[in-house]
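S.K.: Below is the structure, and that's it, no one-letter string:
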């Protein structure tokens, strides 16, 4: 019986094996190259968007500028906590929900995070509630007169100011109260805020104010209201 002849690799077989390995290698490298290129392109596009946002953040009044002011209030020049006075001022000066949406979009694009989430991370509960009410009270369009929602929002901001805590100690945020009093346009509007406060919390606003403020503080704050026109 004839013995089987051992198979010998030919040069062409070796070339075929090398060719197969090379093809696999180049395929892997090609795929990695495409992925890497996609990452580079994505990063380039993001950087371009950020560069544009940075440029606009130096223009006064743009959504990018306001978004940057909010971010800077959170950072507070490296000090502990948020610059609440600045944040309150920035949010209060926003004229409408339409403008607010542009600012939120600019914030997300610039800092890759949701503004509401950053606020909830940065602020105490009473501060967060105050900022939400500032936002909620914005009219759909600039220039609209105060509505029932506006009176309720002012009432809720006052409640948040009364609920302020300093660590484990209860306190009052006088600056928040003053900010609301300065925004209320007339004595009639203040009366409407009092009605909204009673409806929401079942308490007389004047009585609560007297309990939260020192006698001289109460007098000074009420002068802000009595100095306004009646209607």
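M.R.: Sure, I can see it. Since this is a predicted model, take the numbers as computed values, not measurements.
S.K.: Please look at residue 142 and residue 95 and confirm they touch.
M.R.: Yes: counting by C-beta atoms under 8 Å, residue 142 does reach residue 95; the two are 4.1 Å apart. Quick note: C-beta positions are derived from backbone N, CA and C, even for glycine.
S.K.: Can you report phi and psi for residue 102?
M.R.: phi -60, psi -40 (degrees, to the nearest 10).
S.K.: Skip the chain neighbours and tell me the closest residue to it.
M.R.: Computed as C-beta to C-beta, 6 or more residues apart in numbering, the closest residue to residue 102 that is not its neighbour in sequence is residue 63, at 4.0 Å.
S.K.: Quick check: that neighbour touching residue 98?
M.R.: No: using C-beta under 8 Å, residue 63 is not in contact with residue 98, being 10.6 Å away.
S.K.: okay, those two: which has more neighbours?
M.R.: Neighbours were counted for residue 63 and for residue 98 using other C-beta atoms under 10 Å; residue 63 has more, 23 against 13.
S.K.: list the contacts for the residue nearest the centre of the chain?
M.R.: Closest to where the C-alpha atoms of the chain average out (C-alpha atoms, centre = their mean) is residue 115, at 2.2 Å. Contact analysis of residue 115 by C-beta atoms under 8 Å, 6 or more residues apart in numbering lists 67, 70, 103-104, 107-108.
S.K.: Residue 209 is in contact with residue 217, isn't it?
M.R.: No: contact criterion C-beta under 8 Å: residue 209 and residue 217 do not qualify, at 9.1 Å.
S.K.: residue ranges with poor pLDDT in this protein?
M.R.: 1-60, 145-146 (pLDDT under 70).
S.K.: The closest residue to residue 87 other than its chain neighbours: neighbouring residues, count only.
M.R.: Using C-beta to C-beta, 6+ apart and skipping residues adjacent in sequence, the residue nearest residue 87 is residue 73, 4.0 Å away. By the measure other C-beta under 10 Å, the count of residues near residue 73 is 20.
S.K.: Good, wrapping up.
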